[in-house]
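Colleague: sequence plus predicted model, see below.
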Amino acid sequence: MFNKLGTDLPTIANQFGTVESITFSRSAAQLVLSREDSGGKQIFTIQLMRGADGIWRIESM
């Protein structure tokens, strides 16, 4: 997926907003991001899980 995004990846990442907080354990993590738009401040939560193979994956957004 990241290869297909190619040179657009930095632009996409900037649209996620500012990292407000990160909490994590050995097998799970939560990122809270915020972004301002014309309607005010928006908050987004990303849940990550680490698989048995050690790779972190997005569980939900």
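Modeller: Structure's in. What do you need?

Colleague: just confirm A52 is within a strand.
Modeller: No - the assignment for A52, made by DSSP: H, G, I helix; E, B strand; the rest coil, is coil rather than a strand.

Colleague: nearest spatial neighbour of the residue most central in space within the chain, chain-adjacent residues omitted?
Modeller: The chain has I46 as the residue nearest its centroid, 5.0 Å off, counting by CA atoms, centre = their mean. Computed as CB to CB, 6 or more residues apart in numbering, the closest residue to I46 that is not its neighbour in sequence is L31, at 4.5 Å. C-beta here means a position set from N, CA and C on the backbone, and glycine is covered the same way.

Colleague: quick one: low-confidence ranges for this protein?
Modeller: Across the chain, the ranges flagged by pLDDT under 70 are 1-2.

Colleague: if we go to 90?
Modeller: Across the chain, the stretches falling below the confidence threshold (pLDDT under 90) are 1-18, 36-39, 61.

Colleague: what segments of it are helices?
Modeller: In order along the chain, the chain carries the following helices (DSSP state H): 2-5, 9-15.

Colleague: dump the C-alpha coordinates for the shortest one into CSV.
Modeller: Think helix 2-5. These are the backbone C-alpha positions of helix 2-5, laid out as CSV (Å, rounded to 0.1, in the frame of the first residue of the first chain):
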residue,chain,number,x,y,z
PHE,A,2,2.7,2.5,0.9
ASN,A,3,4.6,1.8,-2.3
LYS,A,4,1.4,2.7,-4.3
LEU,A,5,1.1,6.0,-2.3
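
Colleague: name the residues that touch it?
Modeller: When contacts are taken as CB atoms under 8 Å, 6 or more residues apart in numbering, the neighbours of helix 2-5 outside the stretch itself are 9, 12.

Colleague: if we go to 10 Å?
Modeller: Helix 2-5 is contacted by residues 9, 11-13 when judged by CB atoms under 10 Å, 6 or more residues apart in numbering.
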